[in-house]
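> got a sequence here, can you model it:
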Amino acid sequence: MDDWTSGYIADIAYTFGYYQELNPLRARLAFLHAGLAMSQVETACELGYGQGLSVNVHAAGAPAQWWGTDFNPSQASFAQELAAVAKTDARLYDEAFAEFCTRTDLPEFDFIALHGIWSWISDQNRSTIVDFVRRKLKVGGTLYISYNTMPGWAAFAPMRHLLTEHAEVMAAPGRGIVSRVDAAIEFAEKLLATNPIYVRANPTVAERLKKIKEQNRQYLAHEYFNRDWQPIPFAEMARWLEPAKITYACSAHYLDHIDAINLSADQQNFLKEIPDPMFRQTTRDFLVNQQFRRDYWVRGARRLPVLTQLEALRRESFVLLTPRADVSLKVTGSLGEATMQETVYGPILDAFADHRLKRLTQIEQAVQPKGINMSQVLQAVMVLAGAGHLACAQEESVVIKAKKQTERLNAHLVDKARGGADVGFLASPLTGGGIAVPRFQQLFLLARAQGRKQPQEWASFCWQIVSTQGQRLVKDGKTLQTAEESLAELSSQAQEFADKRLPILRALEIA
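Sure, this is the predicted structure:
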């Protein structure tokens, strides 16, 4: 009997993550910053959508029609449930890539996305995907693909192999994947305690293993323990995609666009001396020890004239996601932590402080009297968006059409929060994407929807749900023991939610 999993971990569900790089609206800013045109997205596809949170958020939050597949039927079932509740026209399947990619009812796509899966599938499946992109990505269309890469994985790859070999060879028959993951990590720790020469030659391995031990076991199972696992260099990825007639566009990670926080002056000058843009990417990966790439590719790159690029950038709209007073002026790049200039970032943040949608041209005009130019505004916006403080925003006409769908999806997700904290995101019709909203904040929203108006009432509502399930609150790493302590903590969180977070969720058309 054939193994329908093809060596992929299937006895534990994937996490309920949301991945913002799959949002076509967000991709447009990356293209514009790189000086490239991006086609309007009307049809989109996600291959290997996991639990389907991203694909459903994007299907509900913007007008594009989404298609997708994930081979795991339990994950596909959850994804289809979300699509049905939101009443979008998303068409989501539980087919293997070979089956889905040869469907005769698929349209041509403006946007095709794969998050992470390239590193965990066989060469046969990779060939299937490349052929699919060749046949189904429109001229001018965008491909998003993320993958483990070299040289960042070079030191730890042998340890990953050891972990999976232990899980395969040493585990007792019938043990679940979580038990096998734990046993493999325990074995690796014992190995490191003997001070092997491998670890002395690769001193980062011990710290990496320590961080792995602290991570979610669902994530670890899918990230490290699949049969197929291969980090590949950027140049090899380019060779894989060459038959699809697509070329590299830019990084999907906004902070990668800012050389000042990732490369020293000498390194920047060194890269400028490399005429070939593809080899320049390969070299850059060595400078920053790249471990995970998030890239946009395009079928037919079109470079914009500078004037056209600036005009398009000025029309882009943004909204502040973080309370103005809570925005840190520190950002982390490959060079470590950098501090943003208060004289530049302060006025820009002040202009966004009311959490209303602002076009870039409005920000430019607002800060011009402070001596801040367009180049500084654009860099600040890329940094703030890359750090999660700003998000691209849609036109009002699009927001109005999307809102009914996001309201239905969010109502369903908030109701699910009564049972647990699996899904920590809600959909915003303003951004066309997902916004992080933890479980208790979702329960506060549910309490408001049921007519409870005061923070104290939200806290009581939340505690009733949590306590009846025998769950406890944790504060500063300690479990709260009494109802009084728990209610006091929830009341504090509810008041802070009312003061700081609720106004932003209202601005994002979530609350």
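> going forward, measure contacts and count neighbours with C-alpha atoms only.
Noted.
> just give me the longest helix of this protein.
Under DSSP state H, the helix in the chain containing the largest number of residues is helix 396-416.
> quick one: least confident helix or strand in the protein?
helix 217-224 (a mean of 81; mean pLDDT, DSSP states H and E).
> with only the CA atoms kept, save that helix in CSV.
Presented in CSV, the C-alpha positions along helix 217-224 are these (Å, rounded to 0.1, in the frame of the first residue of the first chain):
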residue,chain,number,x,y,z
ARG,A,217,6.6,20.4,19.2
GLN,A,218,4.1,20.7,16.3
TYR,A,219,6.5,23.2,14.6
LEU,A,220,9.6,21.1,15.3
ALA,A,221,8.0,17.9,13.9
HIS,A,222,7.2,19.6,10.6
GLU,A,223,10.4,21.7,10.4
TYR,A,224,13.0,19.1,11.2
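> how far is whichever helix or strand comes after it from where the chain is centred?
Sequence-wise, the next helix or strand downstream of helix 217-224 (DSSP states H and E) is helix 234-241. Computed by C-alpha atoms, centre = their mean, to the nearest Å, the chain-centroid distance of helix 234-241 equals 22 Å.
> what do you get for stretch 298-310?
Worked out by C-alpha atoms, centre = their mean, stretch 298-310 lies 26 Å from the chain centre.
> which parts of the longest helix of the chain are buried?
398-399, 402-414, 416 (16 or more other C-alpha atoms under 10 Å).
> which helices and strands sit right next to that helix?
Counting contacts by 3 or more C-alpha pairs under 8 Å, 6 or more residues apart in numbering; DSSP states H and E, helix 396-416 packs against helix 53-61, helix 73-86, strand 425-428, helix 439-449.
> helix 53-61 and that one, what's the angle between them?
Orientation check (axes from the mean of the first three to the mean of the last three C-alpha atoms, to 10 degrees): helix 396-416 against helix 53-61 gives 130 degrees.
> and the helices in the stretch 1-150 of the chain?
Taking DSSP state H, counting those that start in this stretch as the test, the helices found in the stretch 1-150 of the chain are 24-33, 53-61, 73-86, 97-100, 123-136.
> related to what we said a few turns ago, now render the helices and strands packed on helix 396-416 as a markdown table, adding mean pLDDT.
Shown next, in a markdown table, are the helices and strands packed on helix 396-416 (pLDDT from 0 to 100):
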| stretch | mean pLDDT |
| --- | --- |
| helix 53-61 | 98 |
| helix 73-86 | 97 |
| strand 425-428 | 98 |
| helix 439-449 | 98 |
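> what does stretch 388-406 rub up against?
25-26, 29, 57, 60-63, 86-88, 316-322, 327, 357, 381, 384-385, 427-432, 509-510 (C-alpha atoms under 8 Å, 6 or more residues apart in numbering).
> residues contacting the residue of the chain positioned farthest from its centre?
Most distant residue from the mean C-alpha position of the chain: residue 194, 37.9 Å away (C-alpha atoms, centre = their mean). For residue 194, no contacting residues are found, by C-alpha under 8 Å, 6+ apart.
> gap between it and residue 169?
For residue 194, the distance to residue 169 equals 21 Å [C-alpha to C-alpha, to the nearest Å].
> please apply the same query to residue 130.
Separation of residue 130 from residue 169 (C-alpha to C-alpha): 34 Å.
> and what of residue 216?
From residue 216 to residue 169 the distance is 23 Å (C-alpha to C-alpha).
> just residue 311 next, same as before
60 Å.
> beyond the longest strand anywhere in the chain, next helix or strand please.
Secondary structure of the chain per DSSP state E: the longest strand is strand 137-148. Later in the chain than strand 137-148, the nearest helix or strand by DSSP H and E is helix 157-169.
> tell me the first helix or strand C-terminal of that next one.
Sequence order places helix 177-193 as the next helix or strand after helix 157-169, per DSSP H and E.
> which other residues reach that next one?
For helix 177-193, the surrounding residues in contact (C-alpha under 8 Å, 6+ apart) are 11-12, 162-164, 166-167, 171, 199, 206, 209, 213, 217-218, 220-221.
> how does it look with 10 Å?
Residues outside helix 177-193 that contact it (C-alpha atoms under 10 Å, 6 or more residues apart in numbering): 9-12, 159-160, 162-168, 170-172, 174, 198-200, 205-206, 209-210, 212-213, 216-218, 220-222, 224-225.
> can you point out the buried residues in the following helix or strand past that helix?
Downstream of helix 177-193, the next assigned helix or strand under DSSP H and E is helix 197-201. Going by neighbour count (16+ other C-alpha under 10 Å), the buried part of helix 197-201 is residue 199.
> now helix 197-201: mean pLDDT?
For helix 197-201, the mean pLDDT works out to 96.
> which outside residues touch that helix?
155, 156, 158, 159, 191, 192, 193, 203, 205, 206.
> what about 8 Å?
192, 205, 206.
> what subset of those residues is buried?
Buried, going by 16+ other C-alpha under 10 Å: 192, 205, 206, out of these.
> what about the helix or strand containing the second one, distance to the chain center?
When elements are assigned from DSSP H and E, residue 205 belongs to helix 204-213. Per C-alpha atoms, centre = their mean, the displacement of helix 204-213 from the mean C-alpha position of its chain is 23 Å.
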